[in-house]
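Q: Mind folding the following:
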Amino acid sequence: ARQPEALVAATVAALEIAQRGLELARTNPNYRFLVYNGSVHIYNIGRVLLRPGRRRHLVGPLKVVVAALAEAEEKDAAWRLQLATQLAYAHDDKGESDAADA
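A: Here you go, the predicted model:
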């Protein structure tokens, strides 16, 4: 029963590393074009956690991604909507229904 927790912990650690890269791209105008790519990588890393009971671990990373895409004025509305929807599910999974409704 400990192995799933170890896999979740390793996935969360990988997400934190990818988030740091996204933050660098987000804060440097010369690398702003990498925000979209970073969002795809973060989504793919966290994809294994996109199930009930595990989504709560994605609240932080998805918040950062959604904010970074908005800040970069990303034009792919379908992608932004998909990530915002997953963020709402993650908030709901964490018991933060007020944030999920927003």
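Q: Every contact and neighbour count from this point should use C-alpha atoms.
A: Noted.
Q: these two touch, right, D93 and V59?
A: No - contact criterion CA atoms under 8 Å: D93 and V59 do not qualify, at 9.3 Å.
Q: In this structure, where is pLDDT below threshold?
A: The chain contains residues with pLDDT under 70 at 1-2, 100-102.
Q: what's the longest helix in it?
A: Ranked by residue count, the top helix of the chain under DSSP state H comes out as helix 2-27.
Q: just checking, what packs against that helix?
A: For helix 2-27, the packing partners by 3 or more CA pairs under 8 Å, 6 or more residues apart in numbering; DSSP states H and E come out as helix 34-46, helix 59-71.
Q: 6 Å - rerun?
A: Other helices and strands packing on helix 2-27, by 3 or more CA pairs under 6 Å, 6 or more residues apart in numbering; DSSP states H and E, are helix 34-46.
Q: Now the helix it packs on - C-alpha only, CSV.
A: Extracted as CSV, the C-alpha positions of helix 34-46 are listed here (Å, rounded to 0.1, in the frame of the first residue of the first chain):
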residue,chain,number,x,y,z
LEU,A,34,7.8,28.6,-23.6
VAL,A,35,4.9,29.0,-21.2
TYR,A,36,2.6,27.0,-23.5
ASN,A,37,5.2,24.2,-23.8
GLY,A,38,5.7,24.2,-20.1
SER,A,39,2.0,23.9,-19.5
VAL,A,40,1.9,20.8,-21.8
HIS,A,41,4.8,19.2,-19.9
ILE,A,42,3.2,19.9,-16.5
TYR,A,43,-0.1,18.4,-17.7
ASN,A,44,1.6,15.3,-19.0
ILE,A,45,3.6,14.8,-15.8
GLY,A,46,0.5,15.2,-13.7
